[in-house]
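K.L.:
got a predicted structure plus its sequence, pasted below:
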Amino acid sequence: MPVQTQMPAPNVPEHRAPARAWLVGGGIASMAAAAFLIRDGDMRGCDITILEESDRLGGSLDGAGDAEHGYILRGGRMLESKYVCTFDLFDSIPTLDGKSTVTAEILNWNKMMLTSSQARLVRHAARETDPAFGLTERHILTIERLAIEPEALLAETTIADQFEPGFFQTNFWLMWRTTFAFQPWHSAVEFKRYLVRFSHMIAGFGRLKGIMRTVYNQYDSLVRPLQAWLESRGVQFAFSTGVSDLEFTLRDDRSEVSRIICGNHGKAWDIVVGAHDLVLVTLGSMTEGSHLGTMDAPPLLGTRNDGGAWALWEKLAAVRPEFGRPAAFDSHVDQSKWTSFTITLHDPLFLDRVRDFSGNMPGEGGLITFAQSNWLASIVIPHQPHFLGQPAGVSVCWGYGLTVDAPGNFVKKPMAQCSGREIMTEILGHLGFVDDTAAILGSAICIPCMMPFITSQFMPRRAGDRPSVMPAGYRHLALLGQYCELPDDVVFTVEYSVRSAQTAVYALLDLARKPPAVYRGMFDARVLARAFMALHGLGRDEPVAA
C-alpha cells in the first residue's frame, strides 16, 4: 500500500531527535542506513520508512526464479576481508536460521571454502593455472605511478590514456578487467583506486585468492536476513512507490526537504516531511533498465526511462549543481552495458565436466575467463545449492560477457542479440564440450540479462560529478549509493553502498563516531613488497593477512 499522503509535520522543538526517517530506494544502501539508524542512532524501526519502486528490496543484490522456470541473478559483487563497513553491519544481523550472525557465517564459510582457482584463464579449450601477468617494466612503472599520483592530476582521463597499447594484451589486464569489469575507456581515477584498494590481493590474483563468497547468492545470504531484522523492528516498507521529485524549503539559510513526490502506475501522491524528519536518497542505479531474455529470445536493451532512479537524480541535479551531474554516468550506454546470464541445470553433466576440466569443485574456483572469447565471456560455478530451497539435483551457475556487440567465436552473432541457448552454445564451444552440447542444452535453462548501466559508475568523471553524501547547504538530507563521493573507497562493491549509509547516518545524527577507515594496503611494507614481487613475476602466492 502507498504511504499515507499529506502526513502532518510534528510540532517539535529544534533540539529533539528526528521524528521520522524516509529512505528513497530499497537497495542495500537504504537497508544498511535503516539498520544503522536503529542500531547506532536508537531510532525506532516504526519511525523508518523505505520507499521502493519495485515489489522487493535488495536493488542490485537480487536473486529470483525457481527450478522449473530458471533462476535469475543479474550479478553478484565479490567480498573480501577488508570490507570493514559491511562486516560491521552484518555482525549485528542474525542469519535466517538464527545460528550465527551473517558476518560470522561468511567468515566461517570462507575458512572452509577457500578460493584457489586452477583455471582462471582458458585458451584453446585448455585451462591456465595461475597465469603469468606478462607485464613489462614500463607497465609496472605506470601502475606504480598511478598508485601514488593525486587524483586531480588524472582528471577525466581514461585507463587507455595512461597505458601504452601493449598493456591491454597482458594477462594482468585480462584478469583485472574481468574480475572487476573494467574497460579501457573507463576512468583512470577508478582504476587507480582499485589498484590501491586491492593492493593486498595482487600477490594471489592469478588464483583469485582472498576473494570471499556468501554461502548462498547475495540476495538469500545478505538481503533476506537484513530485511528480516528490519521487519522484526517495525521498519515500514512502501513497495510500488516511485519517487519522482523532492520539494525543498529554505530555513535559516539551509534547504530542507518539505515534500516527497511519489507515484506509480499513473497514480500520484506526496508525503509531507516534518521539520525534524530525515531524508536519505539513493541516487542512480547500475541495474536500471535491465531486461531478461529467454532460452530462445535475446533480452532487449533498456533505457534510463525504464525506471525512476535516473529520472529522479536528473530532476534534482537540473537546478542544484550540488547534486552532481548524472549525465556523466547515464549517457554512455554503449560504454557501460553488458550481458549476464544465469544457467539452471537439471542434469549434472555440465558441472561434472567443468569440475573435471577446471580441477576445482563448485565454489572453489571463482571466475573462469575465456581469453580468446570475442565476447570476453566468463563463468562462475558457485557452491551448490546457490539458492535457498533449490531442489536436490538442480544446479545454478552464472556468467557474463564484457564485449557484447562483437560476433561470437562459435555463434556468429553479437552476444547482445543472442538467446540463452546461443549463449550456452558459445560457452560450451570455448570449453571444448561441443560433443555434449545437445545433451547439456536439453536439460538447461539459460536466462540472459542485458544491463545498460552496469558499469556506468566507472565512466570518466570530473570533480563534482559525484555529489557528497552530505551536500553542502542542506539540513536533514543525505545521499547514498554508488554515485555519491566517498574518497579512497571503490564503487561497484557492497562495501561502497554500506559505507555511504554509515557515513550518512553518523553525520545526520551528529554521532561522535565515524565509519571504519578504508583499508590502505599501500602503507603496509609487507603488502608493497609482495605486490612488487608479484608484478615482476616473482613470489606470486596469496594475499597478505591483516
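P.N.:
Cool, got the structure. Residues are numbered from 1 along each chain as shown.
K.L.:
residues touching Asp537, list them.
P.N.:
Not Asp; residue 537 is Gly. Ala132, Phe133, Leu135 (C-beta atoms under 8 Å, 6 or more residues apart in numbering). (Glycine included, C-beta is placed from N, CA and C.)
K.L.:
so the first one sits against Leu174, correct?
P.N.:
No: with contacts defined as C-beta atoms under 8 Å, Ala132 does not count as touching Leu174, sitting 11.5 Å away.
K.L.:
okay, the two: which has more neighbours?
P.N.:
Using other C-beta atoms under 10 Å as the criterion, Ala132 and Leu174 rank with Leu174 on top: 19 against 12.
K.L.:
so what's that one closest to, chain neighbours aside?
P.N.:
Ala371 (6.0 Å; C-beta to C-beta, 6 or more residues apart in numbering).
K.L.:
ok, now how distant is that neighbour from Pro131?
P.N.:
Distance of Ala371 to Pro131, given as C-beta to C-beta, to the nearest Å: 8 Å.
K.L.:
next, count neighbours for Ala317.
P.N.:
18.
K.L.:
confidence score at it?
P.N.:
Per-residue pLDDT puts Ala317 at 97.
K.L.:
with the one 10 residues further on instead?
P.N.:
Predicted confidence (pLDDT) at Ala327: the value is 97.
K.L.:
was I right about Arg254 contacting Pro471?
P.N.:
No: if you go by C-beta under 8 Å, Arg254 and Pro471 don't touch, sitting 10.6 Å apart.
K.L.:
how near is Pro458 to His332?
P.N.:
For residue 458 the amino acid is Phe, not Pro. 10 Å.
K.L.:
between those two, who's got more neighbours?
P.N.:
Phe458 (27 against 17).
K.L.:
tell me how far the residue nearest to Phe90 when sequence neighbours are not counted lies from Thr86.
P.N.:
Nearest non-adjacent residue to Phe90, counting by C-beta to C-beta, 6+ apart: Val102, 3.8 Å away. Noted for Val102: a distance of 9 Å to Thr86, by C-beta to C-beta.
K.L.:
what's the burial count for Cys446?
P.N.:
Cys446, neighbours per other C-beta under 10 Å, totals 25.
K.L.:
let me know the secondary structure of it.
P.N.:
strand (DSSP: H, G, I helix; E, B strand; the rest coil).
K.L.:
surely it and Met424 touch.
P.N.:
Yes: counting by C-beta under 8 Å, Met424 is a contact partner of Cys446 at 4.7 Å.
K.L.:
shared neighbours, the two?
P.N.:
In contact with both Cys446 and Met424: Phe341, Ile343, using C-beta under 8 Å, 6+ apart.
K.L.:
contacting residues around Val273?
P.N.:
By C-beta under 8 Å, 6+ apart, the contact set of Val273 is Ala9, Trp22, Glu256, Val257, Ser258, Arg259, Ile260, Val279.
K.L.:
pLDDT score assigned to it?
P.N.:
So Val273 comes in at 97 (pLDDT).
K.L.:
give me the distance between it and Ile440.
P.N.:
From Val273 over to Ile440 the distance is 55 Å, taken as C-beta to C-beta.
K.L.:
then Thr157?
P.N.:
44 Å.
K.L.:
those two - which one has more neighbours?
P.N.:
Ile440 (20 against 14).
K.L.:
for the helix or strand hosting that one, which outside residues touch it?
P.N.:
According to DSSP states H and E, Ile440 maps onto helix 437-441. Residues from elsewhere that reach helix 437-441, judged by C-beta under 8 Å, 6+ apart: Leu345, Asp347, Leu349, Phe350, Arg421, Met424, Thr425, Leu428, Phe433.
K.L.:
buried set for it?
P.N.:
Thr437, Ile440, Leu441 (16 or more other C-beta atoms under 10 Å).
K.L.:
same question for stretch 80-100.
P.N.:
Buried residues in stretch 80-100 (16+ other C-beta under 10 Å): 80-90, 92-96.
K.L.:
and these, which two are furthest apart?
P.N.:
Using C-beta to C-beta, the two most remote members of the buried residues of stretch 80-100 are Lys82 and Leu96, lying 25.9 Å apart.
K.L.:
what bits of the protein have low per-residue confidence?
P.N.:
Counting by pLDDT under 70, the low-confidence segments of the chain come to 1-17, 539-546.
K.L.:
quick check: domain ranges of it?
P.N.:
21-62+220-286+303-325+461-508, 121-209+527-535 (automatic domain parsing).
K.L.:
adding distance to Lys412, write these out as CSV.
P.N.:
Listed next are those as CSV, based on distance: least, C-beta to C-beta, whole Å:
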stretch, distance to Lys412
domain 21-62+220-286+303-325+461-508, 28
domain 121-209+527-535, 19
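K.L.:
winner for burial among those?
P.N.:
Comparing the domains of the chain by mean neighbour count (mean count of other C-beta atoms under 10 Å), domain 21-62+220-286+303-325+461-508 ranks first with a mean of 20.
K.L.:
ends of it, what's the gap?
P.N.:
Domain 21-62+220-286+303-325+461-508 has an end-to-end distance of 11 Å (criterion: C-alpha to C-alpha, to the nearest Å).
K.L.:
now do stretch 356-372
P.N.:
Using C-alpha to C-alpha, one end of stretch 356-372 lies 21 Å from the other.
K.L.:
what residues of that stretch count as buried?
P.N.:
Going by neighbour count (16+ other C-beta under 10 Å), the buried part of stretch 356-372 is 357-358, 360, 362-371.
K.L.:
in JSON lines, list these along with distance to Gly481.
P.N.:
Output for the buried residues of stretch 356-372, formatted as JSON lines (distance: C-beta to C-beta, whole Å):
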{"residue": "Phe357", "distance to Gly481": "39"}
{"residue": "Ser358", "distance to Gly481": "35"}
{"residue": "Asn360", "distance to Gly481": "34"}
{"residue": "Pro362", "distance to Gly481": "32"}
{"residue": "Gly363", "distance to Gly481": "29"}
{"residue": "Glu364", "distance to Gly481": "32"}
{"residue": "Gly365", "distance to Gly481": "31"}
{"residue": "Gly366", "distance to Gly481": "26"}
{"residue": "Leu367", "distance to Gly481": "25"}
{"residue": "Ile368", "distance to Gly481": "30"}
{"residue": "Thr369", "distance to Gly481": "28"}
{"residue": "Phe370", "distance to Gly481": "32"}
{"residue": "Ala371", "distance to Gly481": "33"}
